[in-house]
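Participant: Below: sequence and its predicted model.
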Amino acid sequence: MLLALISGFALSQAFRTITAILATGLQAEFGLSAQALGLFAGAFAFAFGGMQLFMGIGIDLFGIRRTVLTAFPLTVAGSLLSAWAPGYAAVLLGQVLIGVGCAPAFLVCTVFVARYFAPQRFAMVSGVAMGLGGLGMLFTGTPLAWLVQQSSWRMGFVVLAGLALAAWLLIFWKVHEPAQPAHAGPRESLGAAVRGFGALFLLPHTLGIMLLALVTYASFLALRGLWLGPLLIERHGYSLVQSGNVAVAVSLVSLFGPALFGRLDPGPARRRRWIVGCSVLMAGLFGAIALLHSAWMDVGGAIAVGVLSGYIVLQYADVRSAYPAAMTGRAMAVFTMAMFLGVALMQWVTGLAASIAQARGADPYVAVMATIAAMLGGGVLAFRLLPAPRH
């Protein structure tokens, strides 16, 4: 069942990283500015993140299977709308629909692992799940770049729509949750479920966890899903397929990062220090990409970011241990919401930074990478200085 759920997560990974390859085609057809391109990339993440609370409530009230099967058809609809979009507004709406449809894709995997695996195996199993889900990013590297170069960016959406439909059918076929025991008590009401989410924000350690969540995955996805292709094409003269090859390399190494960090998980006593150290190192890599202007640094730094991004599984393990078992599903939903609202925020802010830099005749990619490094630094300070959970 977990592998079937991961297929939906893999498709969501593909959808959230398409902009790096489709960017030049979208800009050419619709005349998009860097800021408009950032808004396009952020629309998916904003819709995805904004729906996490509702998906968490849906999972609590109706279960994993019904929630994902109800939402995921919107992914197919949004893909087809984007493929035949007459203008920028329509393709933006398509991104929103795709984001809503994919909203439960990763959450159902983490909740499934939290419910059906022992707590001490959570980091390892969820790390493997994240790694397998990252296979979806491989399609948005060289294969998508070749497809777009041979046809158009619209064909990319058509193929993704077909793959999304196949994932929905696989989940429909394979995922069947155990029946609720008779002694489990009455189903929680909608109002009680909403109040349960509110209780999370009354705990003093929630703020620091969520502020760091806003920027960690967002930094990786801003690079891999939005700026990597334009950076290599415009700064170093790479072709679309060459930049796609680099994207595949970044995606490949990112597959192994979560499983690696899941196995290296030092446990609750030292986990938060690892999270701080990895976040600082990530900020340093973006600072180097901003300042060194070297093709070797840009490619090597992107690959290093791909490996290091796996430490996000330690953040999930931190959330798993920071809240009581009864709040696990809701805590995961709120954390995932923060991550993807952070993706939307970072993609919009970096698009704005690039537009301002271009207007002033400066290198837009220096502005983009320095902005990401600064946002990571702010998140680390919040995580380090605000109250920590009492284990």
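Facilitator: Thanks, I have it.
Participant: which stretches of the protein have low pLDDT?
Facilitator: Applying pLDDT under 70 to the chain picks out residues 178-190, 193, 326, 391.
Participant: Look through it and tell me its longest helix.
Facilitator: Selection of the longest helix in the chain by residue count, based on DSSP state H, yields helix 328-359.
Participant: What helices and strands are in contact with it?
Facilitator: Here helix 328-359 touches helix 34-50, helix 52-62, helix 104-116, helix 190-200, helix 206-213, helix 216-222, helix 312-322, helix 364-385, going by 3 or more CB pairs under 8 Å, 6 or more residues apart in numbering; DSSP states H and E. Every residue, glycine included, has its C-beta placed from N, CA and C.
Participant: buried set for it?
Facilitator: 328-355, 357 (16 or more other CB atoms under 10 Å).
Participant: Could you point out which of the helices and strands packed on helix 328-359 sits nearest residue 83?
Facilitator: helix 34-50 (14.8 Å; CB to CB).
Participant: Run the chain-centre distance for that closest one.
Facilitator: How far helix 34-50 lies from its chain's middle: 12 Å, per CA atoms, centre = their mean, to the nearest Å.
Participant: other SSEs contacting that helix?
Facilitator: Where contact means 3+ CB pairs under 8 Å, 6+ apart, helix 34-50 is packed against helix 2-16, helix 19-30, helix 88-102, helix 328-359.
Participant: could you give the angle of it to helix 328-359?
Facilitator: Orientation of helix 34-50 against helix 328-359 (axes from the mean of the first three to the mean of the last three CA atoms, to 10 degrees) gives an angle of 170 degrees.
Participant: Next, count neighbours for residue 166.
Facilitator: Residues lying near residue 166 (other CB atoms under 10 Å) number 12.
Participant: and if you look at the one 3 residues further on?
Facilitator: Around residue 169 there are 12 other residues, counting by other CB under 10 Å.
Participant: Distance check, residue 309 against residue 72.
Facilitator: 25 Å (CB to CB, to the nearest Å).
Participant: Residue 168 now?
Facilitator: In terms of CB to CB, residue 168 sits 5 Å off from residue 72.
Participant: Could you check which of these two is surrounded by more residues?
Facilitator: Neighbour count, other CB under 10 Å: between residue 168 and residue 72, residue 72 has more, with 24 against 21.
Participant: what's that one in contact with, if anything?
Facilitator: For residue 72, the contacting residues are 8, 101-102, 104-105, 164, 167-168, 171, by CB atoms under 8 Å, 6 or more residues apart in numbering.
Participant: give me that answer again for 7 Å
Facilitator: By CB atoms under 7 Å, 6 or more residues apart in numbering, residue 72 lies in contact with 8, 101, 164, 168.
Participant: now swap in residue 45 and tell me
Facilitator: 16, 99, 340, 343-344, 347.
Participant: let's see 6 Å
Facilitator: Listed by CB atoms under 6 Å, 6 or more residues apart in numbering, the contact set of residue 45 reads 340, 343-344.
Participant: which one of these is nearest residue 278?
Facilitator: When those are compared against residue 278 (criterion: CB to CB), the nearest one is residue 343, at 18.1 Å.
Participant: ok, that closest one to residue 215 distance?
Facilitator: According to CB to CB, residue 343 and residue 215 sit 9 Å apart.
Participant: repeat for residue 242
Facilitator: 29 Å.
Participant: Name the residue in those two with the higher neighbour count.
Facilitator: residue 215 (28 against 16).
Participant: So the residue lying closest to the more buried one once chain neighbours are set aside versus residue 275, what's the distance?
Facilitator: Closest residue in space to residue 215, ignoring its immediate chain neighbours: residue 379 at 3.8 Å, by CB to CB, 6 or more residues apart in numbering. Distance of residue 379 to residue 275, computed by CB to CB: 10 Å.
Participant: Next: residue 67.
Facilitator: The value you get for residue 67 to residue 275, if CB to CB is used, is 29 Å.
Participant: go on, residue 368?
Facilitator: 24 Å.
Participant: Of these two, give the one with the bigger neighbour count.
Facilitator: Legend: neighbour count by other CB under 10 Å for residue 368 and residue 275, higher for residue 368 (29 against 23).
Participant: residues in contact with residue 329?
Facilitator: So residue 329 contacts 60, 111 (CB under 6 Å, 6+ apart).
Participant: contact partners of stretch 270-279?
Facilitator: 266, 311, 314, 318, 376, 380, 384.
Participant: Mind doing that once more with 7 Å?
Facilitator: 212, 216, 265-266, 308, 311, 314-315, 317-318, 376, 379-380, 383-384, 388.
Participant: Quick check: ChimeraX command selecting the buried ones in these.
Facilitator: Here is the ChimeraX selection string for the buried members of those, based on 16+ other CB under 10 Å:
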select :212,216,265,308,311,314,315,317,318,376,379,380,383,384
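Participant: which of the contacts of stretch 270-279 sit farthest apart?
Facilitator: Maximum pairwise distance in these, criterion CB to CB, is 22.4 Å, between 308 and 388.
Participant: buried residues in stretch 135-148?
Facilitator: Under the neighbour-count criterion of 16+ other CB under 10 Å, stretch 135-148 has 135-142, 144-145, 147-148 buried.
Participant: same thing with stretch 80-97?
Facilitator: 80-83, 85, 88, 91-92, 94-97.
Participant: Between the two ends of it, how far is it?
Facilitator: 10 Å (CA to CA, to the nearest Å).
Participant: now that stretch, how far from the chain's geometric center?
Facilitator: The answer for stretch 80-97 is 20 Å, by CA atoms, centre = their mean.
Participant: ok, and what's touching that stretch?
Facilitator: 30, 32, 36, 40, 43-44, 47, 74, 77-79, 154, 157-158, 161.
Participant: Stretch 280-295 too?
Facilitator: 219, 236, 297-298, 301, 304-305, 308, 366, 369-370, 372-373, 376-377, 380.
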